[in-house]
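Undergrad: please find the sequence and the predicted model below.
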Amino acid sequence: MRIHVYGKPQDTGDAFEDYLDPGKTAIVSIDMHRGHLDESPDCPCPAPRAREIVKPIDAFHDAARALGVPIIHVRSVLRQSGVDDLKGIPAAWRRTFPLHVGPIPGSDRHAIEGSAWTEFVTKVLPEDLIVETKRRLSAFYPTDLDFLLRNMRVETVVFDGGFTDCCVLNSAFDANNHNYRVLVARDLVRGTDDNLEQAALAMVSLHLGLVADSADILSEWKTRKAKRDAA
């Protein structure tokens, strides 16, 4: 298996065989919705670097579906009343992130339940699964993702989406803490900027799991599926 450790490629041979069984794996795609990806100036929490991975993520998901790997789409959704954010204890990013990027016009509308901003930009098929009670940074909090994965008998999660240094990293930490094997598709995530993206991937590679290109992940899955089908 070819992975990236602290940004450098390594061939690990069969050392991570237990991470690569497609029959025990699910892809968790994080926050690929209009609230981050819409090109309108009204986009409430823009993540422009992630727009370039929409088509590659769709292609990866199509290939994974063909191999029987389930896709779980996770999106941030906040109650219209604002009780779980703006009118409760607001999420920290609303006050800290603007110190770096400046004011974020329309951020009050981010992820509001029933709004167009919660619509997925990536392809979602009827057989896919959706988790949409993500209120903060991790795909596991306060959602039913762990419950869903346990019932699917999933042992390995593969993350794609954004932000690498924010929601992907937080989700990778939580997945590891819940004792899942973690892979991050390094070409299918995007961070705030390249420096933070690379730093987040380095942290994953040292402490949480494997960082690998999506093509290498698919290649490993195809090899194992072919062996299983031939048996």
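TA: Cool, the structure landed. Residues are numbered from 1 along each chain as shown.

Undergrad: my read: residue 3 touches residue 10, true?
TA: Yes - counting by C-beta atoms under 8 Å, residue 3 touches residue 10, with 5.7 Å between them. Where C-beta positions appear, they are placed from N, C-alpha and C, glycine not excepted.

Undergrad: tell me which of the two has more neighbours.
TA: Remark: of residue 3 and residue 10, residue 3 carries more neighbours, 22 against 13, as counted by other C-beta atoms under 10 Å.

Undergrad: OK, contacts around the more buried one?
TA: 9-10, 12, 16, 205, 210-212, 216 (C-beta atoms under 8 Å, 6 or more residues apart in numbering).

Undergrad: 7 Å - rerun?
TA: 10, 12, 210-212 (C-beta atoms under 7 Å, 6 or more residues apart in numbering).

Undergrad: closest one to residue 48 out of the residues you listed, please.
TA: residue 211 (22.8 Å; C-beta to C-beta).

Undergrad: sec struct for that closest one, please.
TA: strand (DSSP: H, G, I helix; E, B strand; the rest coil).

Undergrad: what's opposite it in the beta bridge?
TA: residue 184 (DSSP bridges).

Undergrad: shouldn't it be in contact with residue 187?
TA: No - counting by C-beta atoms under 7 Å, residue 211 does not reach residue 187; the two are 10.1 Å apart.

Undergrad: more neighbours, these two?
TA: residue 211 (25 against 17).

Undergrad: confirm that residue 29 sits in a strand.
TA: Yes - per three-state DSSP, residue 29 lies within a strand segment.

Undergrad: so what's it up against?
TA: Contact analysis of residue 29 by C-beta under 7 Å, 6+ apart lists 57, 71-74, 122, 160-161.

Undergrad: and residue 188, by the same measure?
TA: So residue 188 contacts 53, 56-57, 60, 160, 214 (C-beta under 7 Å, 6+ apart).

Undergrad: of the residues you listed, which is the most crowded?
TA: Neighbour max across the contacts of residue 188 (other C-beta under 10 Å) = residue 160, 28 neighbours.

Undergrad: specify the local secondary structure of it.
TA: State at residue 160, reduced to three classes by three-state DSSP: strand.

Undergrad: contacts only, for residue 122.
TA: 29, 32, 54, 57-58.

Undergrad: what do you get if the cut-off is 8 Å, keeping everything else the same?
TA: By C-beta under 8 Å, 6+ apart, residue 122 lies in contact with 29, 32, 54, 57-58, 61, 73.

Undergrad: show me the helices in the chain, by range?
TA: 34-37, 54-66, 93-96, 98-101, 145-151, 169-177, 194-203, 214-230 (DSSP state H).

Undergrad: hmm, back to that, between the contacts of residue 29, which is nearest residue 128?
TA: Ranked by distance to residue 128 (C-beta to C-beta), those are led by residue 71 at 4.6 Å.

Undergrad: residue 4 is in contact with residue 11, correct?
TA: No - when contacts are counted by C-beta under 8 Å, residue 11 is not listed as touching residue 4 (11.1 Å).

Undergrad: who has more neighbours out of those two?
TA: Of the pair residue 11 and residue 4, residue 4 is the one with more neighbours under other C-beta under 10 Å, namely 20 against 8.

Undergrad: hey, what's that one bridged with?
TA: residue 9.

Undergrad: give the contact list for it.
TA: 10, 186, 201, 205, 211-213.
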